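1. need coordinates for the following:
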Amino acid sequence: MLGALISVLVTGAMISAVYALIAIGFTMIFGVGGVLNLAHGALIMIGAYSFLVVTSGSTLGILSLPTGIGLIVAIAVAAAASYVLYIGLVEHIEENPVITFLATLVVALILSELFVMGFSSSPRTLINLVPGSIHVEQFGVRVTNIEVVGFVVSWIAIGLLWYYVTRTDEGRSILATSMSERGAQLTGVDLPKIKARTWLIAGAFAGLAGVFIGTLQSTSPIMWLDPLALAFIIVVIGGIGSIKGSIVAAYLIGYLETLTVELLGAGFRGTFSLLVLVIVLLVMPQGLFGREWVHE
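-> Next comes the predicted model:
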């Protein structure tokens, strides 16, 4: 019994940290620009495949970089893709939420088809960043090294972001814009620049999450669907636009899913998450840490 409890606590913590990575970029983009970016899952997929391309010699035949460099490349490529998506498309249509919603969905579907053409629809396995596992025999708990690294790296990234948005002028500009665009403009904030930077940061988080998801699960052209749904659930529960809310909700969902799998099996993994989502929407539609919208 004690071993099972410790296993749930440890596994839940590992999974939840990666869930937080998935949701933070999604909620930042909505908080700053009011855009529901349905291409966010595709950015996660881009990160996973970028890592696959540069670390697997069988992909390009001439390129096989160390996994650490591959992780950096994946983050950079996803961040660049997110930035280009904003500058090339979203910036010109974001005043119309419905068109933006549909356009980002179309982008995700197009990218998925392109990846099917380029890599086939078969799932691929990423090279493990840190092979091996840790086994605590007295509690019967086994944790893979990649889960530990995912937890540590995720919290380093979250900590750096938290420092950036609370301790630097550029980061505070993002925070100010998420609170009130008009108020931010009155203080001299360059809104297009701030929004583009937010998309860049969100893409970097998506790329990082993509490598861990692709390693812990599998990498395929449809891998973007589950992270997108997960991001939506977490962000709605935590409060759209709230980084703190996304972190809290990620741990709530992560532990809930881990406990569900432990007690009922993997087939029931997402059932109670959806139930919590419905309850939150009925009881407090703004989420745990959300705010009521103010019309400016």
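
2. check contacts around Phe119.
-> With contacts defined as CB atoms under 8 Å, 6 or more residues apart in numbering, the neighbours of Phe119 are 49, 52, 221. Glycine gets a C-beta too; all of them are placed from N, C-alpha and C.

3. hmm, try it at 7 Å
-> Neighbouring residues of Phe119 by CB atoms under 7 Å, 6 or more residues apart in numbering: 49, 221.

4. next one: it from Val130, what distance?
-> Plainly put, Phe119 is 24 Å away from Val130 if you go by CB to CB, to the nearest Å.

5. just Ala20 next, same as before
-> As judged by CB to CB, Ala20 and Val130 stand 20 Å apart.

6. and these two? which has more neighbours close in?
-> Set side by side, Ala20 and Val130 give different neighbour counts by other CB atoms under 10 Å, the larger being at Ala20 (26 against 15).

7. name the helix or strand for the more buried one, please.
-> According to DSSP states H and E, Ala20 maps onto helix 2-33.

8. any stretches of the chain with poor pLDDT?
-> Applying pLDDT under 70 to the chain flags the ranges 1-3, 57-62, 137-140, 291-296.

9. what ranges do the strands span in it?
-> Ranges of strands within the chain are 133-136, 141-144, based on DSSP state E.

10. reformat those into CSV and put distance to Leu186 and mean neighbour count next to each item.
-> Written out in CSV, the entries for those read as follows (distance: least, CB to CB, whole Å; neighbours: other CB atoms under 10 Å):
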stretch, distance to Leu186, mean neighbour count
strand 133-136, 53, 12
strand 141-144, 50, 17
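
11. of these, which is nearest Ala196?
-> strand 141-144 (36.8 Å; CB to CB).

12. spatially, and excluding backbone neighbours, which residue is closest to Arg223.
-> In this structure residue 223 is Met, not Arg. Residue nearest to Met223 in three dimensions, not counting chain neighbours: Met45, with 5.4 Å by CB to CB, 6 or more residues apart in numbering.

13. my guess is Leu288 contacts Val236. True?
-> No. Under the criterion of CB atoms under 7 Å, Leu288 is not in contact with Val236, lying 9.8 Å apart.

14. neighbour count winner among those two?
-> Looking at Leu288 and Val236 with other CB under 10 Å, you find the greater number of neighbours at Val236, namely 22 against 17.

15. could you list every residue that touches the more buried one?
-> 277, 280-281, 287.

16. kindly provide the distance from it to Ala108.
-> Using CB to CB, Val236 is found at 19 Å from Ala108.

17. same check, this time on Phe205
-> 17 Å.

18. which of the two has more neighbours?
-> When neighbours are counted by other CB under 10 Å, Phe205 and Ala108 differ, and Phe205 comes out ahead with 29 against 21.

19. which residues are in contact with the more buried one?
-> 21, 24-25, 157.

20. how about the helices in this structure?
-> If DSSP state H is used as the criterion, the helices of the chain fall at 2-33, 40-55, 57-60, 67-85, 91-93, 97-119, 145-167, 169-179, 181-186, 191-216, 225-238, 243-264, 271-283.

21. in a markdown table: the contacts of Val236, plus distance to Arg197.
-> As requested, the contacts of Val236 are exported to a markdown table (distance: CB to CB, whole Å):
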| residue | distance to Arg197 |
| --- | --- |
| Leu277 | 30 |
| Val280 | 30 |
| Leu281 | 31 |
| Gly287 | 24 |
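
22. which two of those residues have the greatest separation?
-> By the measure CB to CB, Leu277 and Gly287 form the most distant pair in those, at 10.1 Å.

23. between the two, which is the more surrounded one?
-> Legend: neighbour count by other CB under 10 Å for Leu277 and Gly287, higher for Gly287 (23 against 18).

24. next up, the contacts around the residue nearest to that one when sequence neighbours are not counted.
-> Across the structure, with CB to CB, 6+ apart as the measure, the residue nearest Gly287 apart from its sequence neighbours is Gly239 (3.1 Å). Contacts of Gly239 were listed using CB under 7 Å, 6+ apart, and they are 245, 286-290.
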